[in-house]
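# I would like the atomic coordinates for the input below:
(2 chains)
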Amino acid sequence: MNDYSISIGGQAGEGINKAGLLIGRLLGLLGYHVYMYYDYPSLIRGGHNYAMLRCADHEIGAVSGKPDIVCALDQETVNRHGEGAILIYDADVAKGEGIGVPATTIIREEGGAPIARNTVLIGAFCRAAGIPPEILGDAIKKEFGSRTDENLRLALRGYHAAEERMQIPVRTNDPLPLLAGNDAIALGLIRGGLDAYVSYPMTPSSSILHTMADLAQGTPLLVLHPENEIAVITMALGLSYAGKRVAVGTSGGGFCLMNEGVSLAGMAEQPVVIVMAMRPGPSTGMPTYSSQGDLSFVLHAGHGEFPRIVIAPGTTEEAYEWSARAMHLAWQFQVPVFVLSDKNLGEHPKSTRVDPEFPMPVASVRSPRGRYARYFNTPDGISPFYPPPLSGNVVKVNSYTHDDDGITTEDPNLAAANAVKLIRKGATIENEMAYYGCLRVDGAEDASTALICFGSTGEACREIGERLSLRVIRMIVLEPFPLAQLSDVLAGVEEMIVVEENATGQLDSLLRGYGIIADRRISNVSGRPFRLDELELKVKGVMQ
Amino acid sequence: MKGAEFISRAQNTWCPGCGNFVIQHTMKDVLAGLGLLPEEVVVVSGIGCHAKIADYMQTNSFYTIHGRGIPVATGIHLGNPDLTVICSAGDGDAYAEGLDHLIFAAKRNVDITVIIHDNRVYGLTTGQYTPTSPPGFSGKSTPDGTHEDPFNPLELMLASGATFIARSYSRDKKGMAEVLKRAIRHKGFSFVEVLQVCASFYDAHLCYDEHIYTPERHDPFDRDSADRLIREWNYAGEGAIPLGVLYERDAPTFGERVLAGKEGEIDRTGIIERALGKR
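Sure thing, here's the model as predicted:
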């Protein structure tokens, strides 16, 4: 089984992310599945950034362990990652044992920009890994476009300054697009009918805003960046009221500000999709790292009781498909729908198969008969939804407890009817979700030991499940809780291990609320994803 | 359509003598006079006594939450610029809880009409000071009087880039109708401050009756003159209080700028394929 890991590291501002993507492109052109982890502190210049690429001949979505090859733009990278790997380093700025390439000198001689040092090292990497120069040329052409010649010259100088140390064999598969979860979420929302995206920048959700703004250029898609997250969600609800399909994106701190708007969406039954990208908290926490610490928050966000849907995709493919479905579900049921993501899913590119014409569920449309009442009380709790203007009628929506027409009421019977209608709507949603695969089973499907997880930890769990012959159950829909589907796939499980990236066991607590009591819990609050070698040790450690 | 058809069946619960009645009935008359239909108008409100106007008007309405009417109204306008969006807000709503949104709506020149029902007191929470209460205002949260001075919202709006600034008074229905008509017609952000009597917690009508006046021969497009009139009364002392349209200018609206070139259907497959091609 072919499975290789390559790191490239340096200081912030040295183009490490872009260099990582170029290596990813190379590995994709070699016919591999590619996954890239990108580690960067919250600063613009200096510090230590590194990208860890992994490629394999099977689907992957996690980092494995120590890299086979390390490309170092500085001494820090040599010191941190160099040991035990084939080391390629800029010999002008660092000392090490391996392949020293005078990248700084080469740049000076060729008149290149200092940031292009990474291109020189990537050329050297190709030689060291036995990658043919034609593939290097293809990757550079795709990455640099009109600046291909100068960059290819630099890369080839690096190539000829190095020597072959191993061979990553060429495979015959066509490369898949490299998509980060945030790219996939943006495309999925668009597929699902998005008309407008509203967001205030906050890592790790910002790249959805950037991607969306880029894609929206020259199209009718609207992208807005208002004054704060309170304005984000309320402006979104205004757009939604006026008939636009709208999504917002944020992270924990911004989502705190949105909470009154979430509750408003619940009461007013005004659909909106909320992408909530988790990072470690509390408060500012670690902005550029990852966490699953806001599961409980999202499940309960907003005061009062109202139905919602919470979806946690675990792969970039799911991020695309479920973001599209989230749009459909929000408008079908007129509820806030959450796409719960995190930095590890959102910012890490992976070879991703995307169907641009992914089939959407068909929305059922109910025509108004006679006089329109926005909150007409139907048996399933779903009122006919029409944006104004509606000829001869008015559309009144309300944050107060209201009657069918949307007029404020404090009448005890009408108040109860209002509350019960929302509960009935919740039940309707729960019934509907039975038609979706709300969870996924991997690994050894009949094993008696099961790993249970959600979101971005899923891919690491899947691989460990395959390695250790364990059943791996990953929840995709967390609210409404898919109890029947989960009970089915738990049949025959004798030992349950919950794996999650938070300290208090929020998935574990959720399961307990439904009477599903796990035997052991593995948590990770480092902000970094589970590495396969670490997770394997932890799982073996807790297994009875 | 007759003005009366703009009044909903909701039971009215404003206090007798409340200035909100005059605002509501002026609004209904102006909408009828402009030939608008209830389905073409959206009344957005926040939370407070003023906000009940969303229930009481037989128009489309979005009864929002405290301080957030303006961003909702902005969203509605961008979602369908053909709708006439009127956002009613209280002084607590727009000047305290949601001040940021007011400034940004002015800065962006969003084509909505914002009416501030400024009774200079929190009515629905039974009598606390607001950002425009007079100095030393003694309310339930400040029994010894406030320790801060009011600000002048019109001055703030001028500094924020508002393209239409007016002041009305709830005991001057005729003047208010003229102001409101021009505000709705104005292309861009229209700010209408209404000095409103709160019959229960702050009835300043004697003071207002004495000090209000409508400046003659004022050209609202003359910024220096507008600036002088706006500064004439600072919400603290007993100065003359000018009413009417005090400032106006023409400028491109947020909707015109944001929505330029955004007509037509979205080619979803095309966007997705283009994005995949780059990756």
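
# following whichever strand or helix holds residue A:464, which helix or strand shows up next?
Using DSSP states H and E, residue A:464 maps to helix A:458-468. Later in the chain than helix A:458-468, the nearest helix or strand by DSSP H and E is strand A:471-475.

# Give me the distance from that next one to the chain's centre.
Remark: strand A:471-475 is offset 18 Å from the chain centroid, using Cα atoms, centre = their mean, to the nearest Å.

# can you list contacts of the helix holding residue A:464?
A:60-62, A:314-315, A:440, A:442-444, A:447, A:451, A:453, A:470-472, A:474, A:499, A:529-532, A:535-536, A:539-540 (Cβ atoms under 8 Å, 6 or more residues apart in numbering or on different chains). (C-beta placed from N, C-alpha, C; glycine too.)

# In ChimeraX, select just the buried ones from those residues.
Buried residues within those, by 16 or more other Cβ atoms under 10 Å in any protein chain shown, are selected in ChimeraX with:
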select /A:60,61,62,314,315,440,442,443,444,447,451,453,470,471,472,474,499,529,530,531,532,535,536,539
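
# what ranges of chain A fall below the confidence cut-off?
For chain A, the stretches flagged by pLDDT under 70 are A:367-369.

# how does it divide into domains?
Structural domains assigned to chain A are A:3-161, A:178-351, A:439-542, following automatic domain parsing.

# Between strand A:471-475 and the helix holding residue A:464, find me the angle.
170 degrees (axes from the mean of the first three to the mean of the last three Cα atoms, to 10 degrees).

# Buried residues, helix A:458-468. List them.
Residues A:458-465, A:468 are the ones in helix A:458-468 that count as buried (16+ other Cβ under 10 Å).

# out of these, who's nearest chain B?
residue A:459 (19.1 Å; Cβ to the nearest Cβ).

# Pretty sure residue B:85 sits in a strand.
Yes. Counting by DSSP: H, G, I helix; E, B strand; the rest coil, residue B:85 falls inside a strand.

# Quick one: neighbours of it, just the number.
Applying other Cβ atoms under 10 Å in any protein chain shown, we find 28 other residues in the vicinity of residue B:85.

# Residue A:175 too?
Around residue A:175 there are 21 residues (other Cβ under 10 Å).

# Return the residues in contact with it.
A:25, A:28-29, A:31, A:351.

# Try it again at 10 Å.
Applying Cβ atoms under 10 Å, 6 or more residues apart in numbering or on different chains to residue A:175 gives the contacts A:24-34, A:138-139, A:142, A:351, B:279.

# and what of residue B:22?
Residue B:22 sits in contact with B:168-173, B:176-177, B:194, B:196-197, where contact means Cβ under 10 Å, 6+ apart.

# Let's see that with 8 Å instead.
B:170-171, B:173, B:176.

# Name the helix or strand for it, please.
Counting by DSSP H and E, residue B:22 is part of helix B:20-33.

# how far does stretch A:239-258 sit from the chain's center?
Using Cα atoms, centre = their mean, the offset of stretch A:239-258 from its chain centre is 17 Å.

# Any chance you could list what contacts whichever helix or strand residue A:534 is part of?
Residue A:534 is part of helix A:532-542, with elements assigned from DSSP H and E. By Cβ under 8 Å, 6+ apart, the surrounding residues in contact with helix A:532-542 are A:62-66, A:451, A:460-461, A:463-464, A:467-468, A:470, A:497, A:499, A:520, A:522, A:530.

# Repeat that for stretch A:321-328.
Under Cβ under 8 Å, 6+ apart, the answer for stretch A:321-328 is A:184-189, A:191-194, A:245, A:247, A:273, A:275, A:309, A:311, A:313, A:337-339, A:358, A:360-361, A:363, A:436, A:476.

# what's around residue 98, how many residues?
Here I'm looking at chain A. Using other Cβ under 10 Å, residue A:98 is surrounded by 20 other residues.

# try again with chain B
27.

# any chance you could map the strands in the stretch 101-250 of chain A?
For the stretch 101-250 of chain A, the strands defined by DSSP state E, counting those that start in this stretch cover A:178-179, A:196-199, A:222-224, A:246-250.

# Next: the stretch 1-150 of chain B.
In the stretch 1-150 of chain B, the strands defined using DSSP E, counting those that start in this stretch lie at B:41-45, B:60-63, B:84-90, B:113-118.

# what about residue A:424, distance to chain B?
23 Å (Cβ to the nearest Cβ, to the nearest Å).

# residues touching that residue, list them.
Residue A:424 neighbours (Cβ under 8 Å, 6+ apart): A:379-381.

# Also residue A:414?
A:401, A:403.

# Checking it next. Helix, strand or coil?
helix.

# Tabulate the domains of chain A (TSV), appending distance to residue A:417.
Shown next, in TSV, are the domains of chain A (distance: least, Cβ to Cβ, whole Å):
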stretch	distance to residue A:417
domain A:3-161	47
domain A:178-351	14
domain A:439-542	22
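
# any idea which of those domains is most buried?
domain A:178-351 (a mean of 24; mean count of other Cβ atoms under 10 Å in any protein chain shown).

# Which residue is the nearest non-sequential neighbour of residue 46?
I'll assume chain A. residue A:11 (5.4 Å; Cβ to Cβ, 6 or more residues apart in numbering or on different chains).

# nope, chain B please
Once flanking residues are discounted, residue B:46 sits nearest to residue B:93: 3.7 Å by Cβ to Cβ, 6+ apart.

# Next, count neighbours for the one you found.
Counted by other Cβ under 10 Å, the residues lying close to residue B:93 total 31.

# I'd like the distance between it and residue B:47.
From residue B:93 over to residue B:47 the distance is 7 Å, taken as Cβ to Cβ, to the nearest Å.

# list the residues that contact both of those two?
Residues touching both residue B:93 and residue B:47 (Cβ under 8 Å, 6+ apart): B:66-67.

# Indicate the residue of the stretch 51-200 of chain A located nearest to chain B.
For the stretch 51-200 of chain A, Cβ to the nearest Cβ, closest residue to chain B: residue A:177, 4.1 Å.

# wait, doesn't that residue sit right on residue A:355?
No. Under the criterion of Cβ atoms under 8 Å, residue A:177 is not in contact with residue A:355, lying 11.9 Å apart.

# Between the two, point out the one with more neighbours.
A direct count of neighbours by other Cβ under 10 Å for residue A:177 and residue A:355 places residue A:177 higher, at 20 against 13.

# who touches the residue nearest to that one when sequence neighbours are not counted in this structure?
Leaving aside its chain neighbours, residue A:177 sits nearest to residue B:279 (4.1 Å; criterion: Cβ to Cβ, 6+ apart). Contacts for residue B:279 (Cβ under 8 Å, 6+ apart) come out as A:177-179, A:183, A:349.

# ok, so what distance separates residue B:279 from residue A:59?
Remark: distance between residue B:279 and residue A:59 (Cβ to Cβ) = 17 Å.

# same question, residue A:344
Applying Cβ to Cβ to residue A:344 and residue A:59 gives a distance of 16 Å.

# quick one: contacts for the closest residue to residue B:100 other than its chain neighbours?
In space, residue B:100 comes closest to residue A:227 once its chain neighbours are excluded; the distance is 5.4 Å by Cβ to Cβ, 6+ apart. Residue A:227 is in contact with A:200, B:100-101, B:104, counting by Cβ under 8 Å, 6+ apart.

# ok, back up a step: among the contacts of residue A:424, who's most crowded?
When neighbours are counted by other Cβ under 10 Å, residue A:381 leads these with 20 neighbours.

# The contacts of stretch A:321-328 also near chain B: which ones?
A:186-187, A:191, A:193 (Cβ under 8 Å from any Cβ of the partner chain).
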